[in-house]
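A.B. asks: please work out how this folds:
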Amino acid sequence: MIYKATFAAALAMAASVEGFSAPRAARSTRRMTVTAATAAPSLTESLTQAANEARGIAMDAIAQANSGHLGLPLGAAEVGAVLFGEKMQYNPEDPQWLNRDRFILSAGHGSMFLYSWLHMAGYDLPHEELSKFRQLDSMTPGHPEFPSSHHNTPGIESTTGPLGQGISNAVGMAAAAKMAGALFNTEDHTIIDHHVIALCGDGCLQEGCSAEAAAIAAHEKLDNLIYMYDANDVTLDKMADFTQSEDVGARFEAYGWDVETIDGHDLAALSKAVDTAKSTKNGKPKLIICKTIIGKGIDAVAGTNAAHGEAGVEYVDEARAALGLPEEKYYVSPETRTFFEERKEALKSDYDAWQTTFAAWKEANPEKATLLADAVDKKMPTVEEMFAAIPEFEAGKAMATRASGSDVLQGIAKTNPLYISGSADLHGSNKNYINGGGDFGSPEAPVGGGKTYAGRNVYYGIREHAMGSMLNGFAYYGLFRVSGATFLVFVDYLRAPVRVAALSELPVGYILTHDSIGVGEDGPTHQPVETVSGLRVMPNLDVIRPADAEETAGAYVASIEKQDGPTALILTRQNVPDLDVASAKDRRYGTLKGAYVLKKETAELDTIILAAGSEVQHAVKAAEELGDGVRVVSMPCMERFDRQSEDYKAEVLPKGVKTIAMEAGVSGLWYKYADKVVGVDRFGMSAPGDIVMEKLGMTAANLVKEIKSM
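C.D. replies: Just a heads-up that it's a prediction; the model follows:
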């Protein structure tokens, strides 16, 4: 029986490797049979040995750090062996290969799982870095971190740790892969047909964002997506049945997923399940429920919630001995090294075949090839090119910035052909639809709905959290510039992925409309007062609140110009006047600097009025009433202004000048720049927007009064 299972696994391996390749001459059945039979005795042995050595590496690293999570790396070791040793498509020497399978460790606390397998599989993650687990400036941080300006660990596809984010990112990646395939594959050449595989546990599946994302994945028929569910019946505090009684498999079947339950320590069952998941193109994502023993290998804690963290560290030495590992720490046997060298050669053969197909595709499709190369190289249009595609707005015409944003978006989309937009069921209100861009998704969801996988407008439904996580997935994928929209007051639903985008330096755009108490009749539940400041305190997030249509043009261009972090565009529901006291060019380029002199004093400078968004109009009116010694500074973006030179900042806001700021939101952050702030340090009320604004002091008259009282 053991021999038959091994033989089946070997056959499956050979078949799957064949399937990864670009078109080539078919191998003979006789050759495949001989290869499988010869390899049969060693394949299971090699994978088993690699799994145990991965366990040993995890034990050693976590014991040395006296910090970390033993449970998943030990419990899911066979999953890693089958994925990295047999079934996944990758090239350690080209970790950014376009057609690689993406592997996301959603249960990021088990990071030594990923580091162990990347090291053994031949990625540039040296032995000495394993011993620096969770130490300063190492390549092995406590949770996996996407490569950034701070560090680079090859093979990390997304920053994970906040539970549920990784598997939700995976849905975004799978959607991006479908989109890329629709745009770049041709009838003659398939260059993108890989899979997205995420390893998760009960914690990820209990988080609400994962439910939102799983529903989208099924609805849009993302059959290139595979979840490996490490079902060990354990959470951190208690055994899982203390807080969970649902049938997870039945829940996913109800969404529309294919579900299979297997023994997660059975190599042959794992191999067969992954083969089936990869080969079945039925419009359904796949959930493989792997029943495992958490902390397997440390008998004193295995199968209990104590195994989740580092409680098993005191038993590591005896556990290593029981696994047959030598005393040498971070041990990888010569046999395992040889196995993965041979594995790498086999993968390289498939990689080379793909390169041949890719070269033929490039020659046959020069325009597509240029577009793809620009995407891979992160080549963006210049600021000047983007502004040229956005006509200046009619002077004197009042517009809501969400409405002018709609016009600006068309120019952005024209100059950025791989820019995509989306909304959480609010396209009509957010006004962020790319005209002529088509709708993304399965043509069958619903039949006749007009969707294609090449569509540039994504409908997320009422699922803000999943939208935020999927936007990150699109950004991790690396080919598309993405934005998503909702009402500003609902951004807290996706705050977790916004934070991860900022941490991971992802150039994601957030289009957040209905920005203040000016929303009016919907009342305080829909009137954000604290929200803009709540976003501004997040490192590496630019928050831009433009005052009129021309500043809105500058805001959108700024969001594309920034490639090392996200940008939130804060737009009004209500009309705001065209602030033609400065030229359109000055307003556009001034926005790029974060703050600029909108209305310069014509006498000795006495007072500076600082404002953002819809309150800049009141600053201009107040200055006109107060006299020639008053300057108006529009500050749509504190973060961009703070990055300017000291000379520029001093030129705009010279020290020693009486300064007052005004914004329809909480006042605290403005005291960094102003002596006094006219803000809204309370929740709003239900009434027409202009009445709420007047009631809470957002008028030119009140601003004049406050200035005179200084």
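
A.B. asks: distance check, L270 against R337.
C.D. replies: With distances taken as Cβ to Cβ, to the nearest Å, L270 is found 22 Å from R337. To be clear about C-beta, it is placed using only N, CA and C from the backbone, and glycine gets the same treatment.

A.B. asks: so between the two, which is more surrounded?
C.D. replies: L270 (27 against 14; other Cβ atoms under 10 Å).

A.B. asks: my guess is F480 contacts N416, does it?
C.D. replies: No - using Cβ atoms under 8 Å, F480 is not in contact with N416, being 9.4 Å away.

A.B. asks: point out where the protein drops to low pLDDT.
C.D. replies: The chain contains residues with pLDDT under 70 at 1-41.

A.B. asks: what does stretch 433-449 contact?
C.D. replies: 175, 179, 219-221, 283, 406, 409-410, 413, 419-423, 427, 450-459 (Cβ atoms under 8 Å, 6 or more residues apart in numbering).

A.B. asks: tell me the buried residues in that stretch?
C.D. replies: Going by neighbour count (16 or more other Cβ atoms under 10 Å), the buried part of stretch 433-449 is 433-434, 437, 439-442, 445.

A.B. asks: now it: how far from the chain's centre is it?
C.D. replies: Stretch 433-449 sits 23 Å away from the centroid of its parent chain (Cα atoms, centre = their mean, to the nearest Å).

A.B. asks: now the end-to-end length of that stretch.
C.D. replies: 16 Å (Cα to Cα, to the nearest Å).

A.B. asks: please apply the same query to stretch 275-289.
C.D. replies: 14 Å.

A.B. asks: and M470, what does it touch?
C.D. replies: For M470, the contacting residues are 168-169, 171-172, 175, 213, 216, 458, 460, 484, by Cβ under 8 Å, 6+ apart.

A.B. asks: repeat that with 10 Å
C.D. replies: Neighbour list for M470: 168-176, 209, 212-213, 216-217, 422, 458, 460, 463, 482, 484, 494, 497 [criterion: Cβ atoms under 10 Å, 6 or more residues apart in numbering].

A.B. asks: do you know how far it is from A174?
C.D. replies: Distance from M470 to A174, counting by Cβ to Cβ: 9 Å.

A.B. asks: any common contacting residues for these two?
C.D. replies: Going by Cβ under 10 Å, 6+ apart, residues that sit against M470 and also against A174 are 213, 216-217.

A.B. asks: can you list those residues in CSV and add distance to S686?
C.D. replies: Shown next, in CSV, are these (distance: Cβ to Cβ, whole Å):
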residue, distance to S686
A213, 34
I216, 33
A217, 38
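
A.B. asks: the residues you listed in strands, which ones?
C.D. replies: Here DSSP state E is the test, and the shared contacts of M470 and A174 give no hits in strands at all.

A.B. asks: ok, of those, which one's closest to Y671?
C.D. replies: Relative to Y671, the closest of those is A213; by Cβ to Cβ it sits at 39.8 Å.

A.B. asks: my read is that that closest one contacts E464, right?
C.D. replies: No - contact criterion Cβ atoms under 10 Å: A213 and E464 do not qualify, at 11.6 Å.

A.B. asks: those two - which one has more neighbours?
C.D. replies: The neighbour comparison of A213 against E464 (other Cβ under 10 Å) goes to A213, with 30 against 26.

A.B. asks: from F146, how far off is the most centrally placed residue in the chain?
C.D. replies: Residue closest to the average C-alpha location in the chain (Cα atoms, centre = their mean): N472, at 1.5 Å. Distance of N472 to F146, given as Cβ to Cβ: 9 Å.
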